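Q: Predicted model, plus sequence, below.
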Amino acid sequence: MSYAQGRAATSPAGAGVPPDPATLNYAQGRAQVAPPPADPEAARLQAAQASYQQLLGQALGDKLFALVTKDLSSARLLELGDQGLQAAAAAAVGAIGPIAGNQALDTAEEADAAKQFAGALAEWSRGAAAQWLQGPEGQALATKIAQFAQGHPEAVVAAALVAAAGAAAANASIPKLAKDFQVSDSVTLAAGVDLGKLRQIAVNAADLGIRYQRGEVEAALTWSTSKGEGGGPGTQKLAAKVGNKTTALSGDMTVTGSEVVINTAASHQGDGYSASGGTQTTKSADGNRTTVANATVSIGGQEKNLTGSAKYDTSSGELRLDANAVRDFGNGLKLQGGVAGSRDGSGATSATANGALNYQGNGNTLDVAGKADLTTGDLGVDAAAAHTFDKGSVSGKAALDAQNGFSGELAASRQFDSASLAGSLSGSVAYSDQGGTSAKVAADATLDNGLKMQLTALLDQAGVVKASASAEGSWGDFTGKASADLNLSTGQLEALALQLGYKDPNNLRSALIDFKRNYAGGVADDQFDVQLQIALDKLTVRGSNQAHLLDGKLQSNVAHLEGGYKLSDDVTAIAGIRHGFQDPQASSVLVDRNKGTWLEAGVQVKGVPLVVGYRPEDGSVSVGVTIPF
């Protein structure tokens, strides 16, 4: 048989039979013996990994490339993109705040409502954007970004860019990229880069470190560098530490321009004691050098403890010494005290001593503290005691020092309740060498029909006696409040407030009448507010009027009529008219949005009403909020 027939006879069933080499031309022969074509994706990944190895070395390059291919896969980018959209909604809402002098958002209430409105809209738009992100166009974009980052080590920032995309409008900082690489069982290599803000991408800071750990012993060496802000000098820092569970040594040096700061520290934790200390040496740009040393020793535990510390500035000669002791006897009794001394740069010295006794138990508390200036001889004592019993308490406190003299206060309170009445009674009396005597008595009661009453009498340090009374209650759909402030020494009524309200929760009908009077300099200052709201199917109409009178003369008046028509469960259309009047001689000033005649239109989305107003007389435009419909 021929060659072709022999090949056909020995080939597996169904396999193609190659032609006789004798019958092929040169090109056909090359094609027959050439290896199969390489996988383009595998070749791309191999080239990308080689670029990481070339830039960062084989060990670090391989590990960082594995991190990138894992965290910047297309699926991971789509997830980060959705998180970024959520951050975008949060950034849009977080950028809204009250702006003093801006009539559109001049109060915290308006800014808060605008923030809620923006949040509702941002959430809607985020849903649409997230849907696009999961579609074919969004997936194609994620794939391109992933492939670009895999092949460009200098652009690993893409991972942070996607995660922080939502904060682009605010020019937010990109999260620092950092990663630990385990070189061996005992050695870990750490690397990081800080790329600044989204609109000014640059390597602002980088760090590199190595950590060794074997058993309880750990050692680390790190180096970092960062650019200066505003064209200032950059910073280089080298730090090292070594230690175990009980003993540690550390040091670092920071260089910023021509300024150098060197820190050293040591600590040891023993059985029942601990000690620590350190130094800080600073060489400033002008060549001055200062060194400050500190040390602390502590003996004992929480029940018994003695602690001493020292701080010394070698350049100025300033010295401070402290010693403190604590003894906890248990059962709520604790005693503590201490002494401190210092010497300033001129050689002047000072010393103080302090002590305290604290007790708490069986409903009793006692706190006594004293302080003595050993240099001047001044003494100061504070004491407080209290006893709590069933439904009541008594307490007292006193203080004595060289500057303020003596002061003290006694107080008592008692709660009571019965089938028809519940309330409390309290009183206090106080005295001080600086202000004299004052006293206060207060009582409150709640009746079984829900009526709440409160009465307060006050004697101030000037000898003036004042009283205040208030009451409030509700009866079905009606509510009422009343309060009054009276100066008993002069017999003058200082303030009066009355309020009557009605609300039908089923039909969204309500009415409110509010009257307040204050006497400033013997002149009546009145505020009179009226609000009325009715609902007719999908339409709700609301009217209000606010009037301000001074000594019976109208100072200002604002009338407002608005309506809301419900378009859906989440959306209500709003329209209205507002007119404000103000006496040119009035001392109070209306905000601009309440002056003149305004035509208003707006929309309420998910319970947040935002209204735009237009004043035809001068073409002014305002943005504000109203009471939700």
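A: Now that the structure is in, tell me what you want to look at.
Q: contacting residues for residue 258?
A: The neighbours of residue 258, taking Cβ atoms under 8 Å, 6 or more residues apart in numbering as the test, are 233, 285. Bear in mind the C-beta positions are built from the backbone N, C-alpha and C, glycine included.
Q: before we move on, what about residue 293?
A: 277-279, 311-312, 314.
Q: Among those, which one sits closest to residue 442?
A: residue 311 (49.5 Å; Cβ to Cβ).
Q: residues touching that closest one, list them.
A: So residue 311 contacts 292-294, 319-320 (Cβ under 8 Å, 6+ apart).
Q: Give me the pLDDT for it.
A: Note for residue 311: predicted pLDDT of 95.
Q: tell me the SS of it?
A: strand (DSSP: H, G, I helix; E, B strand; the rest coil).
Q: One more: the one 4 residues further on?
A: In three-state terms, and counting by three-state DSSP, residue 315 is coil.
Q: between the contacts of residue 293, which is closest to residue 441?
A: The closest of the contacts of residue 293, once distances to residue 441 are taken by Cβ to Cβ, is residue 311, at 51.5 Å.
Q: Quick check: bridge partners of the closest one?
A: Taking DSSP bridges as the rule, residue 311 bridges to residue 294, residue 320.
Q: before we move on, back to that, using ChimeraX, define a selection of the buried residues within the contacts of residue 311.
A: To isolate the buried ones among the contacts of residue 311 in ChimeraX, judged by 16 or more other Cβ atoms under 10 Å, type:
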select :292,294,320
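Q: Name the spans of the stretch 251-400 of the chain whose pLDDT lies under the cut-off.
A: Regions of the stretch 251-400 of the chain meeting the criterion pLDDT under 70 are absent.
Q: Break down it into its strands, ranges please.
A: In the stretch 251-400 of the chain, the segments counted as strands under DSSP state E, counting those that start in this stretch are 259-269, 273-283, 289-300, 304-313, 319-330, 333-343, 349-361, 364-373, 379-389, 392-401.
Q: returning to what we had before: between the contacts of residue 293, which sits nearest residue 519?
A: So of those, ranked by how close each gets to residue 519 (Cβ to Cβ), first place is residue 311, at 58.8 Å.
Q: I'd like to know how far the closest one sits from residue 401.
A: 27 Å (Cβ to Cβ, to the nearest Å).
Q: Next: residue 320.
A: Relative to residue 401, and taking Cβ to Cβ, residue 320 is found at 23 Å.
Q: Wasn't residue 43 part of a helix?
A: Yes. Counting by three-state DSSP, residue 43 is found in a helix.
Q: Quick check: it vs residue 239, distance?
A: Counting by Cβ to Cβ, the gap from residue 43 to residue 239 is 43 Å.
Q: Which one's more surrounded, those two?
A: residue 239 (17 against 11; other Cβ atoms under 10 Å).
Q: Which pLDDT value goes with the more buried one?
A: The model's pLDDT for residue 239 equals 82.
Q: How about it: what's its closest non-neighbour residue?
A: Once flanking residues are discounted, residue 239 sits nearest to residue 252: 3.7 Å by Cβ to Cβ, 6 or more residues apart in numbering.
Q: Going by residue numbers, what spans are helices in this structure?
A: 3-10, 26-33, 40-56, 58-71, 74-94, 108-134, 136-151, 158-163 (DSSP state H).
Q: which one of the ones you listed has the lowest average pLDDT?
A: The lowest average pLDDT among those, as it happens, falls on helix 158-163, at a mean of 36.
Q: which residues are contacting stretch 270-284?
A: Identification of contacts with stretch 270-284 by Cβ under 8 Å, 6+ apart yields 246, 259-268, 289-301.
Q: What are the buried residues along that stretch?
A: 276-279, 281-283.
Q: got it, and stretch 370-378?
A: 370, 372.
Q: For it, measure first residue to last.
A: The first residue of stretch 370-378 is 11 Å away from its last residue (Cα to Cα, to the nearest Å).
Q: got it, and stretch 362-381?
A: End residues of stretch 362-381 are separated by 25 Å (Cα to Cα).
Q: with the buried residues of stretch 270-284 in mind, which one is nearest to residue 599?
A: Closest to residue 599, out of all of the buried residues of stretch 270-284 and judged by Cβ to Cβ, is residue 282, at 65.9 Å.
Q: Any figure for the gap between the closest one and residue 225?
A: 20 Å.
Q: a markdown table for the buried residues of stretch 270-284, including distance to residue 394?
A: Putting the buried residues of stretch 270-284 into a markdown table (distance: Cβ to Cβ, whole Å) gives the following:
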| residue | distance to residue 394 |
| --- | --- |
| 276 | 46 |
| 277 | 49 |
| 278 | 50 |
| 279 | 54 |
| 281 | 58 |
| 282 | 56 |
| 283 | 62 |
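Q: wait, which of those residues is closest to residue 345?
A: residue 282 (16.5 Å).
Q: beta partners for that closest one?
A: When assigned by DSSP bridges, residue 282 has beta-bridge partners residue 261, residue 290.
Q: I'd like the distance between it and residue 398.
A: 47 Å.
Q: Could you do residue 239 as well?
A: Taken as Cβ to Cβ, the span from residue 239 to residue 398 is 52 Å.
Q: cool, and residue 440?
A: On the measure of Cβ to Cβ, residue 440 and residue 398 end up 18 Å apart.
Q: Same check on residue 544?
A: 53 Å.
Q: got it, and residue 548?
A: Look at residue 548 and residue 398: by Cβ to Cβ, they are 48 Å apart.
Q: Of the two, which one has the most company?
A: Higher neighbour count among residue 548 and residue 398: residue 548, with 21 against 16, using other Cβ under 10 Å.
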